Each structure stands twice: as structure tokens, then as C-alpha cells.
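Participant: when you get a sec, could you give me coordinates for this:
(one chain, ligands or ions: 1)
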Amino acid sequence: DISSKDLHVAILSSPGMGHLIPVLVLANRLAASHKIKVTVLLVTTGVALPESNLLKLPLDQSLVEFIELPPVDISHLVGPSTQVVTQLCIMVREALPLLHSAIASMDRRPDALFVDPFGTEALPIAAEFNMAKYVYVPSTAWFTALTVYCPVLDKEIQGQFVDQQEHLKIPGCKVVRPEDVVDPMLDRNDQQYNEYIKIGKQIPLFDGILLNTWEELEPKTLQAFKENHILSSLVNFPIYPIGPLTRPIEPAGSDPDLIQWLDKQPNESVIFVSFGSGGMLSAQQIIELAWGLELSQQRFVWVIRPPTKGRVDDAFFNVGNGSDDNPDYLPDGFLTRIRDVGKLVPMWAQQVKILSHPSIGGFMSHCGWNSTLESITSDVPIIAWPLYAEQRLNATLLTKELGVAVRPKVLPTKEVVGREEIEKMVRTIMEGKEGVVMRDNVKKLKIGAMNAHENNGSSYKSMCELVMDIIVRKGDIIGV
Ligand code: UDP
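Facilitator: The predicted model follows:
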């Protein structure tokens, strides 16, 4: 009989910290809970990872192997206007021969290949080596529904999605507001739209989808994948909601002073401000944010990066590089005035460690899904400041459905959010009545999340079903 201990799973991660982190956490979970051997293969571009400690996650060293594929050079294939999704797809495409040779040279051939949504073109490699194949979407069921349904919307809807008067309808699911569509759907004439449609068409060719969500968080959308309507006929195989998978608190790191400062602050009194691995703000927005934080008279920790002159996701492939010890783009005298209440962290912070500190009471976040889950599992309500990818969708889920976030009236990618509004939002979650309700809601969500991982919990069961599926497929192949 085959057991999970006999399995070897390979996971391909596309570049980007928001992609690699959930892959490493999943690898760890498969190894720790099911004793599966896991090889993580990372597509690289030659840029160093911002957090060298990351790979020291308490990975089960004997079971998890981490391989950085040789760097790909895509400079001849992209220009200054090439969007992130296009770049990601090209990077992985260029790395496919490297993935092929890495797998071909393995002593113990993997039984299954997991890819993230940018790795769906690895499908023929999985077929060639007789591997079961799964897509790991480290995001919501809602986003996944939109992705696999977009090829249908593509045929149904004329003109740009953002210009539609009516909400976009996905059968059995929540509607999507036109202004919430994911970045690659913003402009149907851009190459990244074609790449996205391709991903949507390829996902249903796999054997299953893993999602970093859980039953209680998205019951309706998860049901829509199961029931007998269009979505379930598009995706004709199991969905495994196995979340929330978040990484453990980072080991002691580069900024002990910050943690000591947090230790001295009252419980739930500090707001953490950070826009993920890729997020950047304009010069004008940074000024307004600085004023807003100062006017709110709340304590804060702000992960600060120089202003972007271009896109709001400009740090995505270059995250954490460079330091910024002397920011000259802040309001005059700001650093002196906030000395006792605010801390600035240049470029990159130990986010999980900070969020889980008892003094943190709010998170101003770009709503990347990892950050969102880290906030929920740390009991921290959110000021939703969506910037790129599927973050507008996440922000809507957090504000409208889960009641754990406030968000500005304007879209921060379209208009500058003014200092008064920022001040108000910060006060709302840190000291307002609404903040108390949101804190309560987030605590309930966290309890549900923890339960999902208990022995009889939904995510634990999903994970066991997934492992069983791999075992059965392996058995079919070797004829057991
Ligand atoms: N992160 C971090 N320090 C930072 C910025 C980001 O540790 O200064 C981590 C964060 O904890 C999360 C990941 O990087 O795990 C970012 O993923 P997310 O999905 O939130 O957003 P993305 O960066 O992909 O937009």
C-alpha cells in the first residue's frame, strides 16, 4: 500500500515574495503534517531575496528541499510598459526548460507537480513525467472563480470591463463590481489580459485546485464550484480549500529596537502601515499619508519606500533592495514631530512578527492575500488600501462581507487619498466604535480559521483528501 510517506511533491513558484511565501508554507505543511517529501523550485531572475531568513522557516530540513532554478533573462522580451502579469508569465515560460531538466535529473521522480497560476504552462511537463497536477492559488475562491470564468466574460461582454454599467455576474457566485476587476482585466488590449485569459483556460485542465481560503470564509463561492451550474461544469474536479496557511513568526531579525519599542506600547495601540512586497505610493500620496498619520495622533509603524514615478507595483521584482535612511520626501519636520509615536522601517519589515505583537491594533494594508491572512490570524482589523493584482476584490470582501476593514472612498490607484480621510480612517479603527466591532469580527474569523485546521476541521480534511488523491493517482500509474 502507498502511504503519504511514499510521496514526493514538486512545487513550482513564480517570482515574487507574495508567491514564494505561500509555497514555502504549503511545502512545510505537507512535510510536517503528512511526512511528504517536497521539492520547491523557484523561478529566479537574478535579484536577491529581501529576507534571507525566509528560507530558515522551520522547514523540515530532511523533507523539504529548496531549489532556485538558474536565473532567466527576459530583458529582450519586455519593455518599460510590460505589465507585471505579462512579465511573470514570460519568466515562467522561459524557465520551463530549466524545470524540465531539474525534474529529469531527480533521483526520486515527483508524483505530483503543483504550480501557482503563473505556472500553468508547465502542464505538458507534468504529463510527460506522469505526475498528478494541481494549481495552488494562494488567494481566494472568489478570485479563482473570476479567473476561470473570465474566458466566458470575454465572449459575453463588449468593451472594457471597467466601463460596464452593471456588475459582472459569475453563476452561483457573488457579483464583481467593474471597478474591482483584477489588474489584467483593466485593459483588454494589453498583453497581460491575453495571458490572464490563457491562465483561466488552463486551470481547468489540471487535476485539482488548492486555495488559501477556508469553508467558513467563503461558503457561497466554494459551493458554486461544487454545485451543478456553469462554474462547476467549467471546473470539473475537486477544489481543496486548505487555508489559511500563513508563515510562523520570523526568527529574531535585523530590527530588535523596533520590537523593544513595541514592547513598551499599550496593547492594540499601534497601527502598522505597509503595502506588501510590491507596493509603492506617489510623492503626493506619501505626503498626505504622513500628515494623516500625524493628525490621527495614533502610534504607528510605517514600512516606507521612496515615491514611485511610475506604477504602484514598481517594487514587485525588486523588493527590499536598497535602504532609505534619510527620506527627503516627507513633510518638513515630520520625523522630529513623530519621534515618540511613530517608527519608520525602510523598505522591508518583519511583518508577521510585527502584526502578531500585542501592541498592534490596526493594519493599513494593500490587501495582498498573504498580508490579509496574516492580519486575520493576528486579530488585527484593516484599513484596506488596494493597489494592484486582485487587491480591490480582497478589499471589497473585507469591507462589505466580512466587516473587518474600512477603506477610502476613492480608489488609491486613481486618486490621492487626502490627509483628513486618512486621519478619520485611522481613528475609526484604532479608537472608534466601528473599530471595536471590526476587531470583534476579526477575532471571530480567526477562531474559525483555527478550527478549520483542527483534526475535524474543513481545511484539515481538504488537505487529507488532496493527499489521498495524489496517492490514488500514483497507485493508478504504478498499477497498485
Ligand atoms: N512582507 C514582509 N515584509 C514587508 C513586506 C511584505 O514580510 O515589508 C511579506 C508579507 O508578510 C507577506 C508577503 O510579504 O507574507 C507579501 O504578500 P502579499 O500577498 O501580502 O502581497 P504582495 O507582496 O504579493 O503584493
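Participant: find the closest residue to the ligand in the stretch 351-480 of the chain.
Facilitator: residue 368 (2.1 Å; Cβ to the nearest ligand atom). Quick note: C-beta positions are derived from backbone N, CA and C, even for glycine.
Participant: now the closest residue to that residue other than its chain neighbours: which helix or strand?
Facilitator: On the basis of Cβ to Cβ, 6 or more residues apart in numbering, the spatially nearest residue to residue 368 that is not a chain neighbour turns out to be residue 276, at 4.2 Å. Under the criterion of DSSP states H and E, residue 276 resides outside all helices and strands.
Participant: least confident secondary structure element in this structure?
Facilitator: helix 230-234 (a mean of 78; mean pLDDT, DSSP states H and E).
Participant: hmm, stretch 180-191 touching the ligand?
Facilitator: No. Applying Cβ under 6 Å from any ligand atom, one finds stretch 180-191 out of contact with the ligand, separated by at least 10.9 Å.
Participant: could you check that stretch and say which residues are buried?
Facilitator: Counting neighbours by 16 or more other Cβ atoms under 10 Å, one finds that the buried residues in stretch 180-191 are 180-186, 188, 190-191.
Participant: among those residues, which lie within strands?
Facilitator: Judged by DSSP state E, strands contain none of the buried residues of stretch 180-191.
Participant: what's the closest of those to the ligand?
Facilitator: When the buried residues of stretch 180-191 are ranked by distance to the ligand (Cβ to the nearest ligand atom), residue 183 comes first, at 10.9 Å.
Participant: surely the closest one touches residue 386?
Facilitator: No. Residue 183 sits out of contact with residue 386 when judged by Cβ atoms under 8 Å, with a separation of 10.2 Å.
Participant: how about residue 34, phi and psi?
Facilitator: phi -130, psi 0 (degrees, to the nearest 10).
Participant: and for residue 240?
Facilitator: For residue 240, the backbone dihedrals (degrees, to the nearest 10) come out as phi -120, psi 100.
Participant: then residue 345?
Facilitator: Torsion angles, degrees, to the nearest 10, at residue 345: phi -120, psi 120.
Participant: so it bridges to which residues?
Facilitator: Here residue 345 sits in beta bridges with residue 303, as judged by DSSP bridges.
Participant: please name the residues that touch it.
Facilitator: Under the criterion of Cβ atoms under 8 Å, 6 or more residues apart in numbering, the contact partners of residue 345 comprise 255, 258, 301-304.
Participant: the residue of the stretch 351-480 of the chain closest to the ligand - how many residues pack around it?
Facilitator: The local packing count at residue 368 equals 28, with neighbours defined by other Cβ atoms under 10 Å.
Participant: so it sits against residue 386, correct?
Facilitator: No. Under the criterion of Cβ under 8 Å, residue 368 lies out of contact with residue 386, with a separation of 9.1 Å.
Participant: overlap in contacts, those two.
Facilitator: Shared between the contact lists of residue 368 and residue 386 (criterion: Cβ under 8 Å, 6+ apart) are residues residue 394.
Participant: in what element of secondary structure is residue 278 found?
Facilitator: In the assignment (DSSP H and E), residue 278 maps to no helix and no strand.
Participant: now residue 1: how far from residue 480?
Facilitator: Residue 1 sits 7 Å away from residue 480 when distances are taken as Cβ to Cβ, to the nearest Å.
Participant: okay, these two: which has more neighbours?
Facilitator: Neighbour comparison, residue 1 and residue 480: the larger count goes to residue 480, with 10 against 6 (by other Cβ under 10 Å).
Participant: mark which of the buried residues of stretch 180-191 are part of helices, please.
Facilitator: Among the buried residues of stretch 180-191, the subset assigned to helices under DSSP state H consists of residue 191.
Participant: how about the buried residues of stretch 180-191 in CSV, adding pLDDT?
Facilitator: Listed next are those as CSV, based on pLDDT from 0 to 100:
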residue, pLDDT
180, 97
181, 98
182, 98
183, 97
184, 98
185, 98
186, 98
188, 98
190, 98
191, 98
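Participant: so where's the stretch 201-350 of the chain uncertain?
Facilitator: Scanning the stretch 201-350 of the chain with the threshold set as pLDDT under 70 gives 228-229, 254, 319-325.
Participant: now the helices for it?
Facilitator: Taking DSSP state H, counting those that start in this stretch to define them, one finds helices in the stretch 201-350 of the chain at 219-226, 230-234, 256-263, 283-296, 334-337.
Participant: buried residues of stretch 439-450, list them for me.
Facilitator: 439, 441-442, 445-446, 448-449.
Participant: so which of those residues sit within strands?
Facilitator: With strands defined by DSSP E, no entry of these lies inside them.
Participant: quick one: average pLDDT of stretch 104-122?
Facilitator: Averaging pLDDT along stretch 104-122 yields 97.
Participant: gap between the two ends of that stretch?
Facilitator: Across stretch 104-122, the terminal residues are separated by 14 Å (Cα to Cα, to the nearest Å).
Participant: next one: stretch 406-419
Facilitator: Per Cα to Cα, the first residue of stretch 406-419 is 15 Å away from its last.
Participant: how about that stretch: buried residues?
Facilitator: Going through stretch 406-419 with 16+ other Cβ under 10 Å, the ones that come out buried are 406-408, 411-413, 416-419.
Participant: again, but for stretch 221-237
Facilitator: When burial is assessed from 16+ other Cβ under 10 Å, stretch 221-237 yields the following buried residues: 221-222, 224-225, 231-232, 234-235.
Participant: make a markdown table from those and add distance to the ligand to it.
Facilitator: Supplementary listing: these in a markdown table, determined by distance: Cβ to the nearest ligand atom, whole Å:
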| residue | distance to the ligand |
| --- | --- |
| 221 | 19 |
| 222 | 20 |
| 224 | 23 |
| 225 | 22 |
| 231 | 24 |
| 232 | 27 |
| 234 | 25 |
| 235 | 23 |
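Participant: which residue packs closest to residue 477, ignoring adjacent ones?
Facilitator: Excluding the flanking residues, the one nearest residue 477 by Cβ to Cβ, 6+ apart is residue 130, at 5.3 Å.
Participant: can you tell me the SS state at residue 383?
Facilitator: Classification of residue 383 using DSSP: H, G, I helix; E, B strand; the rest coil returns strand.
Participant: any idea how far residue 359 is from the residue of the stretch 351-480 of the chain closest to the ligand?
Facilitator: Going from residue 368 to residue 359 by Cβ to Cβ gives 23 Å.
Participant: what residues does the stretch 151-300 of the chain put near the ligand?
Facilitator: Proximity of the stretch 151-300 of the chain to the ligand (Cβ under 6 Å from any ligand atom) is limited to residues 274, 276-278.
Participant: could you redo the last one with a cut-off of 8 Å?
Facilitator: With Cβ under 8 Å from any ligand atom as the criterion, the stretch 151-300 of the chain comes near the ligand at residues 246-247, 250, 274-279.
Participant: much appreciated, bye for now.
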